[in-house]
Every structure is written in structure tokens, then in C-alpha cells.
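J.: what's the 3D shape of this:
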Amino acid sequence: MGASRGISISLDGVRDKNVMQLKKLNTALFPVRYNDKYYADALASGEFTKLILGFWFYELGNGGLRIEPCLSLDYDINCSLGVLWILGLCFYVLRSYYSDICVGSIACRLEKKECGAVRVYIMTLGVLAPYRGLGIGTKLLNHVLDLCSKQNIAEIYLHVQTNNEDAINFYKKFGFEITDTIQNYYTNITPPDCYVLTKYIGQPQSKK
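T.: Just a heads-up that it's a prediction; the model follows:
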């Protein structure tokens, strides 16, 4: 039997006491300085804004279960007891958190359209470079898409700089399409133009 490897990712909500971690992450990731309204909207969105504050790798093979917290950055670590389910078995493990930074986040704003329907605007989604390629961005985006489906929210959109091909391709994998181009959207970065990427989510079918 070969080894089973994976990563378990822990999502945490944004609150007044940890919003500074989101600010630090945005400073590290983005060339734009976000104002107080951005953080007020993020806090007001509730479950639509999430941080990645802890995760661990696991490997299950002939030698049993090996769990390895991701500690590749030199920051103070706080640990708490968590529960990990693998192949139907329950394991109690130490969950590791970075006290100074988070490693990824998604921040959204809920908007009410003229017709009264609510749509979701993704203000930011980002992951620190050492942690990309681990499925963290996918976990964050899927969390928001699942919430949209559960709450019957049919539209979600965002702005992406026109030369950011990695981001454009990432969102297209989830069914987003370019629906508009805005000239001179950004003021302090080049190119200043952006695409509007939109995904229309089908309403969930009622169970019979």
C-alpha cells in the first residue's frame, strides 16, 4: 500500500482582534494600499472573508501516520489541539498558527443590486509565495463559491489587472469569464487597465 499524502488547511474568520494580520498580508502581496472602507467591508461580509492561519501536512503509509506542521517561515508559533479525519479515522493533532502573519486570505464585499439581489465582489485573494501551489487559493475560492450556492447568490465578480495572466487563468478554471474591460482603473500601477471577471452561479436544485 502506497503512502497517502495531503495537506489540511485551516480557515479562520476575520475579526477586530485579527484584522491586523490581513493588513500585513495585503502589504506583502499587493502594490495597492487599502483604505479603512476595505477592512470595514471585509469585516461586514462575515463568512465571505477568511484567513489561512494554520495548516499541516500529513502522510499515511505502512509506517503509520506522520503529521508535519508547515513551519518554513521563522515566526513565533502558537499551538492548539485540533482534530484531523483521514480515511475515516480520527486523529488528534497539534494545529500550528503563525502569531505574526497569515499566509493567505480572501476578502469579499456583499453588494445589493438595484433589483434587490445580492452579489459578491472579491476584493482580494492572495497567498504568500512560499505557500503557492498547495491548493490554498483553491480552498479559499471554493469556500466563497460554496457560500454563494448555499445562499442563492447568483453572481460573483472581481477586477484583475490585464497583464496578470496567472490570476486570469486561475479564475477561468472556476468558470469565471471576462465580461468587461475598464481603462485606467488603477492609478499607481502599470498597466492601469483591468478586466472584470464574472461567474454566474446556477441556482441549486430543490431536493425532492
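J.: could you look up the SS state of Pro31?
T.: coil (DSSP: H, G, I helix; E, B strand; the rest coil).
J.: from Gly126, how far off is it?
T.: Counting by C-beta to C-beta, to the nearest Å, the gap from Pro31 to Gly126 is 12 Å. In short, each C-beta sits where N, CA and C put it, glycine included.
J.: who has more neighbours out of the two?
T.: Gly126 (20 against 10; other C-beta atoms under 10 Å).
J.: does that one lie in a helix or a strand, and which?
T.: strand 118-127 (DSSP states H and E).
J.: show me how far the helix or strand just after that strand is from its chain's centre.
T.: Per DSSP H and E, the first helix or strand lying C-terminal to strand 118-127 is helix 136-150. Chain-centre distance of helix 136-150: 8 Å, with C-alpha atoms, centre = their mean, to the nearest Å.
J.: give me the buried stretch members for helix 136-150, please.
T.: 136-137, 139-141, 144-145, 147-148 (16 or more other C-beta atoms under 10 Å).
J.: between that helix and strand 118-127, how big is the angle?
T.: 170 degrees (axes from the mean of the first three to the mean of the last three C-alpha atoms, to 10 degrees).
J.: ok, and what's touching helix 136-150?
T.: With C-beta atoms under 8 Å, 6 or more residues apart in numbering as the test, helix 136-150 has contacts from 9, 11, 47-48, 50, 52, 55, 103-106, 108, 120, 122, 125-127, 153-154, 156, 170-171, 174, 199, 201, 204.
J.: let's see that with 7 Å instead.
T.: 9, 11, 47-48, 50, 52, 104, 106, 108, 120, 125, 127, 156, 170, 174, 201, 204 (C-beta atoms under 7 Å, 6 or more residues apart in numbering).
J.: please apply the same query to stretch 117-130.
T.: By C-beta under 7 Å, 6+ apart, the residues outside stretch 117-130 that reach it are 25-26, 28-30, 38, 41-42, 48, 72-73, 103-113, 136-137, 140-141, 144, 148, 153-158.
J.: flag every buried residue along it.
T.: Buried residues in stretch 117-130 (16+ other C-beta under 10 Å): 119-128.
J.: now it - C-alpha only, CSV.
T.: C-alpha atoms of stretch 117-130 as CSV (Å, rounded to 0.1, in the frame of the first residue of the first chain):
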residue,chain,number,x,y,z
ALA,A,117,-30.4,40.7,-5.4
VAL,A,118,-27.1,40.4,-3.6
ARG,A,119,-23.9,39.8,-5.5
VAL,A,120,-20.3,39.1,-4.1
TYR,A,121,-17.3,41.2,-5.1
ILE,A,122,-13.9,39.6,-4.4
MET,A,123,-11.8,42.5,-3.2
THR,A,124,-8.6,40.4,-2.8
LEU,A,125,-7.4,36.8,-2.9
GLY,A,126,-3.8,36.1,-2.2
VAL,A,127,-1.3,33.6,-0.9
LEU,A,128,2.3,34.2,0.1
ALA,A,129,4.8,32.9,-2.4
PRO,A,130,6.3,30.1,-0.3
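J.: poorly predicted segments of this structure, please.
T.: Scanning the chain for pLDDT under 70 picks out 1-8, 54-101, 203-208.
J.: centroid residue for it?
T.: Against the mean C-alpha coordinate of the chain, by C-alpha atoms, centre = their mean, the closest residue is Leu140 at 2.9 Å.
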